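please work out how this folds:
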Amino acid sequence: MKDKLARNISIYRKERGLTQEELAQHLGISFQAISKWENSQSMPDITLLPALSKILEVSVDKLLGYVVQDKKITIYEDEYQTEEYYWGTEPNRACYQVLQLMPPTKPLKLLDVGCGEGKDAVFFARNGYEVSAFDVTDAGIEKTRRLADRIGVHLNVFKADLLEYRLDTHYDIIFSSGDLHYIKPEYRTEIFANYKRFTNENGMHVFTVFVNKPFIAPPPEKETNAYAWHSGELLAHYHDWLIRDSAEIVFDCNSSGIPHQHAMTNMAAQKVPSVLRP
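Coordinates of the predicted model:
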């Protein structure tokens, strides 16, 4: 809990545009105390939590790291309430790239970030990976479990907010398809540094992100919590990794019932061992 609280104080302080000194002034304490909180060296006194919550404009539960949704994160929450699988049950093409580049010839731990209704996570489990997966929607998690039961595979699925969740366990593969646009630009460096840190040597990240293109109209879905990526932006976070594959594609989509197009970057990057120099 201490580490989650430390990260959340730092995240929400920056989101509100406050310096450590300014937050300290609001609370009537020293800025050194704020620094210790954000570095996990100490925790706020319980009597300060209500005031801290009010200043940072988040609930105490959310500050402590519990996922409590005051508003919808994704427009697909309602779609996941239906019996049918909104995205179908066929795996994304990027899943086959994982199989090709890092087949499960030995036990491999894989994390599916933003698993939605679970089609990709279940595919990986079916093919022999040790799979963990998370999503922010209760309905998505329930449908992931239901699909896993139907196929007869085991996976660890849990609820978490992509923007707030940080890894504390190492994985061999981290996978995400079409969910990383929910990460605010100012948090991307920190989040990807966390993902890279908790990836085993020779492990891989296989990600797809939507990118803005001036010749493609904005999608008809109005996602207030989605944030644009730009061409090359994802690769910049992996300048110190081996890029095994990178492509940018334009494809047709009808997810909203209105035909439209998306541009997407597909990336596969590998964490190669550091070269030792004399």
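
give the buried residues for stretch 46-59.
48, 52-53, 55-56, 58 (16 or more other C-beta atoms under 10 Å). Bear in mind the C-beta positions are built from the backbone N, C-alpha and C, glycine included.

and for stretch 114-128?
Neighbour-count burial for stretch 114-128 [16+ other C-beta under 10 Å]: 114-125, 127-128.

in TSV: those residues, plus distance to residue 146.
Converted to TSV, the buried residues of stretch 114-128 look like this (distance: C-beta to C-beta, whole Å):
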residue	distance to residue 146
114	18
115	13
116	13
117	9
118	8
119	12
120	15
121	12
122	10
123	15
124	17
125	14
127	19
128	21
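
let's see which of the residues you listed end up in helices.
119-125 (DSSP state H).

how about those in CSV, adding distance to residue 262 and pLDDT?
Shown next, in CSV, are these (distance: C-beta to C-beta, whole Å; pLDDT from 0 to 100):
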residue, distance to residue 262, pLDDT
119, 18, 96
120, 18, 97
121, 22, 97
122, 24, 97
123, 22, 98
124, 23, 98
125, 27, 98
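
which of those sits closest to residue 32?
Within those, distances to residue 32 taken as C-beta to C-beta reach their minimum at residue 121, with 43.7 Å.

check the gap between that closest one and residue 33 for me.
42 Å (C-beta to C-beta, to the nearest Å).

and the two most separated of the ones in helices among the buried residues of stretch 114-128?
Maximum distance among these (C-beta to C-beta): 11.1 Å, for 119 and 125.

lowest-pLDDT helix or strand in the chain?
helix 60-63 (a mean of 78; mean pLDDT, DSSP states H and E).

in that helix, what counts as buried?
Neighbour-count burial for helix 60-63 flags 62-63 (criterion: 16+ other C-beta under 10 Å).

who are the packing partners of it?
With contacts taken as 3 or more C-beta pairs under 8 Å, 6 or more residues apart in numbering; DSSP states H and E, helix 60-63 sits against helix 2-15, helix 49-56.

rank these by mean pLDDT and give me the bottom one.
The weakest mean pLDDT among those belongs to helix 2-15, with a mean of 81.

what is the burial count for the residue lying closest to residue 138 once chain neighbours are set aside?
Leaving aside its sequence neighbours, residue 138 sits nearest to residue 159 (C-beta to C-beta, 6 or more residues apart in numbering; 6.7 Å). A count of nearby residues for residue 159, using other C-beta atoms under 10 Å, gives 15.

just confirm residue 212 contacts residue 226, I think it does.
No. Contact criterion C-beta atoms under 8 Å: residue 212 and residue 226 do not qualify, at 11.0 Å.

higher neighbour count, the two?
When residue 212 and residue 226 are compared for neighbours, residue 226 comes out ahead with 17 against 12, by other C-beta under 10 Å.

give the contact list for the more buried one.
181-182 (C-beta atoms under 8 Å, 6 or more residues apart in numbering).

the one 3 residues further on too?
Residue 229 sits next to 180-181, 209-212, 265 when contact means C-beta under 8 Å, 6+ apart.

now for those residues: which two are most distant?
Pairwise distances across those (C-beta to C-beta) peak at 13.7 Å, for the pair 180 and 212.

list the buried residues of the stretch of helix or strand residue 210 belongs to.
Per DSSP states H and E, residue 210 falls inside strand 199-211. Across strand 199-211, burial judged by 16+ other C-beta under 10 Å covers 199, 203-211.

between these, which is closest to residue 218?
Residue 218 lies nearest to residue 210 out of the buried residues of strand 199-211, by C-beta to C-beta, at 10.7 Å.

quick one: that closest one and residue 155, what's the gap?
In terms of C-beta to C-beta, residue 210 sits 26 Å off from residue 155.

so which elements touch the strand holding residue 210?
helix 93-101, strand 171-177, helix 233-236, strand 260-270.
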